[in-house]
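> This is the structure alone, sequence omitted:
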């Protein structure tokens, strides 16, 4: 009667997920709306930067050779023959012992090859200045293309747009930006024990927290969530809802209903939908009863109803496919080494993923569990910004050990974090 | 003719900014819209968690004393007198050698004090099971309040809402969440050299990138940006635009027009508005000509027109006031120690803030400049995720030195990062 399931290793489970296809889609947005989106094309320099030789300071443009004899005992006098604000161009040629007043960013007038900063000149009358030192050709000139040559790839496709990238988009005239369309991810919560958030508590009931948590995780990862509501443990209703949801989304997540209990319908629904089940048990804690399947080319995730397991299942199995749909080539959470901040003596046959908090102490990463790691416990989730990876089959972990950690609030990502994860040396 | 300005230290400049008042405002949003917002009230546990004694597994609820004699040679037979799904309550009392089938999350029936996991039982008929080992009182029971007691402060006011906090909000019935209203920050770009992003390049001109960059920085910090457009270097037009903008926003940022050049109107406009100027020169590179003022209790920032200086000026002087308006008590960028990844030989009398990239290498933080740090250069902004703090008056910095770093993509923040910044030991 009870279905027997064979657990697979976490690495193998993630591999099976990533073997599935997901086709990124793109759309065009205004530059004002591009922050946080993912580039669907390489960002190319559309021209040299600077686009012309220009002055980096307020000062005077001169011919450097005119200062060859200048020193504090021999100030050289220049005629100021004009001035040029940023945005304007000086017409005409600058001749020996002539200078042009120039503003930051303005183009260097013809004939000039150096700029003297305002502070290093002395005004002797309305159109005469003194210069008391030697300047060389090129002094204080930002040359065309010295920052960036036209055609350079400045930022790669699949990168999340930060404020600096927005500045690049503006500089190079991208008022419209081609970005990845946000993958649409459906969320269904199952379980007759679930109350809506606005309902009062009742005996035997708990409020539905997983759906809202997952929607926030989807948003954090760069997707768009659609909530299809909370279903009772009723096979026919769940089947209909799942079918309808699937037709509207790129991927679908259900929470709850994946255990081996009598009321857990997800396996039956997947069968009815003709799904290819990639796995239904993973050698990890929490989240061992996670099910992942593919239905007509769409990913369907049956995450555990347990909040911690649900959270971890999302980050391990949903996030990388979501990020791939954003053209991102580092779709997994970034893996880093950290020093364990407290003992973690609990041994476990399976790999443990422990919610933790990372601190930067004197230049080193230190990770400590953010609460008692009992899977039903929700209150330590709020303070977690990483997951400790503690491989199973050991006798526990001690404070001071080096451990692998996945960063949750991460902008960098990882190509493949699942090799060489360090087990306890005990 | 050229105004003389006395530079103040960065620490003193930030201190003057933070001495100003900013009044946070709050509003109520639906839980679905709460991710990324800042809590305007402490988040309290509205009930115990669990709210009742419950089963963490699928299994059988029993009276533990009935297993006192159980072992593999002496399996004890139990009558299964009912079953209880999550969300339901078992009515009635369980008597000796009786068991109730129980699902994960369901309340423990009266009379029972332990749960036996499904895998550890043997079904002998439809309503008989065998148990082959001893269970103790409390085994596999999640007790009421063992996670969290009613009234506990789970998350402090001013914390940014992450997916784990969303789960807490749902668990405790907060379908409406009181969050900080996003401060509205106006942005005005000045400079006749500026083109709109969609305009073709022209001699002497550059596209306006600062305004879009700052709007993204405002969004990243948690505010709401309003763009008031790009103004030519025309005093009357700038004054009118500044007045109008100020009436619609909580704070105002202008970029450009802060140097000592003839075309720089910001000082004159501030005078006309009766502003209290907190400072107009800071001993830092880039961004030394940053001006900060207060007009009728509103902050007005005159940031440099130079992209790097503008970026840094925002993070140092605008972000902390913006975060304070979000009730946040760690409003500054988080300061950490890192190892310098490359030489930085350029000496400087002022403190340098160098855009850099942080890497986590074997459990240590390593920071390396993300591009040539010439202030006019925009292309290194895209790859920066931190700012190196290199105090001035030294002979430069060497690879391997320990330096202070401000993290740009940070969720933690710092109460006051501006003391004990380590200068070069050279």
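Nice, thanks for sending it over. In this text the structure is predicted, and so the values were computed from the model without any measurement.

> residue contacts, whatever residue of the stretch 301-426 of chain A ends up closest to chain B?
Evaluated by C-beta to the nearest C-beta, the stretch 301-426 of chain A has residue A:381 as its residue closest to chain B, separated by 3.2 Å. Where C-beta positions appear, they are placed from N, C-alpha and C, glycine not excepted. Applying C-beta atoms under 8 Å, 6 or more residues apart in numbering or on different chains, one finds that residue A:381 lies in contact with A:213, A:307, A:308, A:311, A:355, A:370, A:371, B:163, B:164, B:165, B:167, B:168.

> Same question for residue A:398.
Residues touching residue A:398, when contacts are defined by C-beta under 8 Å, 6+ apart, comprise A:340, A:343, A:344, A:345, A:424, A:426.

> Retrieve the pLDDT associated with it.
According to the per-residue confidence, residue A:398 scores 92 in pLDDT.

> Give me the distance between it and residue A:339.
11 Å (C-beta to C-beta, to the nearest Å).

> Can you tell me whether I have it right that residue A:365 is in a strand?
Yes: under the criterion used here (DSSP: H, G, I helix; E, B strand; the rest coil), residue A:365 sits inside a strand.

> anything in stretch A:74-89 near chain B?
Yes: using C-beta under 8 Å from any C-beta of the partner chain, stretch A:74-89 reaches chain B at A:83, A:85, A:86, A:87, A:88, A:89.

> On the three-state scheme, the first one is what?
Counting by three-state DSSP, the backbone at residue A:83 sits in strand.

> Can you tell me, leaving aside adjacent residues, what's nearest to it?
Beyond its immediate neighbours in the sequence, the residue positioned closest to residue A:83 (C-beta to C-beta, 6 or more residues apart in numbering or on different chains) is residue A:101, lying 3.6 Å away.

> Identify all residues paired with that neighbour through a beta bridge.
Partner residues in beta bridges with residue A:101: residue A:60, residue A:83, with DSSP bridges as the criterion.

> burial of it, as a residue count?
Look at residue A:101: counted by other C-beta atoms under 10 Å in any protein chain shown, it has 22 neighbours.

> got a list of what it touches?
For residue A:101, the residues meeting the contact criterion (C-beta under 8 Å, 6+ apart) are A:59, A:60, A:80, A:82, A:83, A:84, B:262.

> Tell me the one of those residues nearest residue A:392?
Using C-beta to C-beta, residue A:59 comes nearest to residue A:392 of these, at 67.4 Å.

> Could you work out the end-to-end span of stretch A:185-197 for me?
With C-alpha to C-alpha, to the nearest Å applied, stretch A:185-197 spans 21 Å between its terminal residues.

> Next, the buried residues of that stretch.
Judged by neighbour count using 16 or more other C-beta atoms under 10 Å in any protein chain shown, the buried positions of stretch A:185-197 are A:185, A:186, A:187, A:188, A:189, A:190, A:191, A:192, A:193, A:194, A:195, A:197.

> Give me the subset of those residues that also touch chain B.
With the criterion set as C-beta under 8 Å from any C-beta, the members of the buried residues of stretch A:185-197 near chain B are A:191, A:192, A:193, A:194, A:197.

> shaky segments in the stretch 101-250 of chain A?
Applying pLDDT under 70 to the stretch 101-250 of chain A picks out residues A:233.

> just the helices in it please.
Counting by DSSP state H, counting those that start in this stretch, the segments of the stretch 101-250 of chain A that form helices are A:163-171, A:210-221, A:235-248.

> Go through those helices and name the closest to residue A:416.
Set against residue A:416 and scored by C-beta to C-beta, the helices of the stretch 101-250 of chain A come closest in helix A:210-221, at 17.5 Å.

> Tell me which other helices or strands that closest one touches.
Helices and strands touching helix A:210-221, by 3 or more C-beta pairs under 8 Å, 6 or more residues apart in numbering or on different chains; DSSP states H and E, are strand A:184-190, strand A:224-231, strand A:251-255, helix A:307-313, helix A:319-324, helix B:163-171.

> hmm, 10 Å instead?
Helices and strands in packing contact with helix A:210-221 are listed as strand A:184-190, strand A:224-231, strand A:251-255, strand A:298-303, helix A:307-313, helix A:319-324, helix B:163-171; criterion 3 or more C-beta pairs under 10 Å, 6 or more residues apart in numbering or on different chains; DSSP states H and E.

> rewinding a little: just the buried subset of the residues of stretch A:74-89 next to chain B, written out for ChimeraX, thanks.
Remark: buried members of these, expressed as a ChimeraX selection using 16+ other C-beta under 10 Å:
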select /A:83,85,86,87,88
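
> of the residues of stretch A:74-89 next to chain B, the lowest pLDDT goes to which?
Pick the lowest pLDDT in the residues of stretch A:74-89 next to chain B and you get residue A:86, at 71.

> Could you single out the nearest of the contacts of residue A:101 to residue A:42?
Checking the contacts of residue A:101 against residue A:42 by C-beta to C-beta gives residue A:84 as the nearest, at 35.9 Å.

> Isn't the closest one up against residue A:61?
Yes: look at residue A:84 against residue A:61 with C-beta atoms under 10 Å: they come within range, at 7.8 Å.
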